[in-house]
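Colleague: how does the following fold in three dimensions:
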Amino acid sequence: MTPTATFLIVLVIGIAGGLIFDRLAGPGWLTRQIAGSTRSTVTSALVGVAGAFVGFNIAAILGLTGIAGLIGAVVGAGVVLWAWRTIR
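Modeller: Numbers count the residues shown, from 1 in each chain. As a prediction, the model looks like this:
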């Protein structure tokens, strides 16, 4: 894969992961009252993108390429989103 295609795929993985996570976990009642639901969705998508890039780069450091690197992006997005939700 070209670097541009890899970048776009990891970006889409992060956005999709953030949106799915936000849909499943959802914002808390207080968050919806104060910030609204749109802000939480955008934030979850951005955190998912950050996690996907972290996961992809850790997979690359470990020597995983191709599909394994993309699976690392999915795992990274999930772990960072879970940690972000737990800490928040």
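
Colleague: where does the prediction get shaky in this structure?
Modeller: Counting by pLDDT under 70, the chain has low-confidence residues at 26-39, 88.

Colleague: helices or strands up against the host helix or strand of I20?
Modeller: Element membership for I20 (DSSP states H and E) is helix 3-25. Other elements packing on helix 3-25 under the criterion 3 or more CB pairs under 8 Å, 6 or more residues apart in numbering; DSSP states H and E are helix 29-61, helix 67-87. Using the backbone N, CA and C atoms, a C-beta is placed for each residue, glycine as well.

Colleague: hmm, A50 is touching A83, no?
Modeller: No. Between A50 and A83 there is no contact under CB atoms under 8 Å: 11.0 Å.

Colleague: ok so, going back, dump the helices and strands packed on helix 3-25 into JSON lines; add distance to D22 as well.
Modeller: JSON lines is the format used below for the helices and strands packed on helix 3-25 (distance: least, CB to CB, whole Å):
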{"stretch": "helix 29-61", "distance to D22": "4"}
{"stretch": "helix 67-87", "distance to D22": "8"}
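
Colleague: find the nearest non-adjacent residue to the residue nearest the centre of the chain, please.
Modeller: Centre of the chain computed as the mean C-alpha position; nearest residue by CA atoms, centre = their mean is G48, 1.7 Å away. Setting aside the residues directly before and after it, G48 is nearest to G18 in space (CB to CB, 6 or more residues apart in numbering), at 2.7 Å.

Colleague: the one you found: neighbour count?
Modeller: G18: 26 surrounding residues under other CB atoms under 10 Å.

Colleague: follow-up on the earlier one: neighbour count for A50 and A83, which is higher?
Modeller: Neighbours were counted for A50 and for A83 using other CB under 10 Å; A50 has more, 17 against 12.

Colleague: now that one: closest residue in space, sequence neighbours ignored.
Modeller: Closest to A50 by CB to CB, 6+ apart is V80, at 6.2 Å.

Colleague: how close does I58 get to G66?
Modeller: Going from I58 to G66 by CB to CB, to the nearest Å gives 15 Å.
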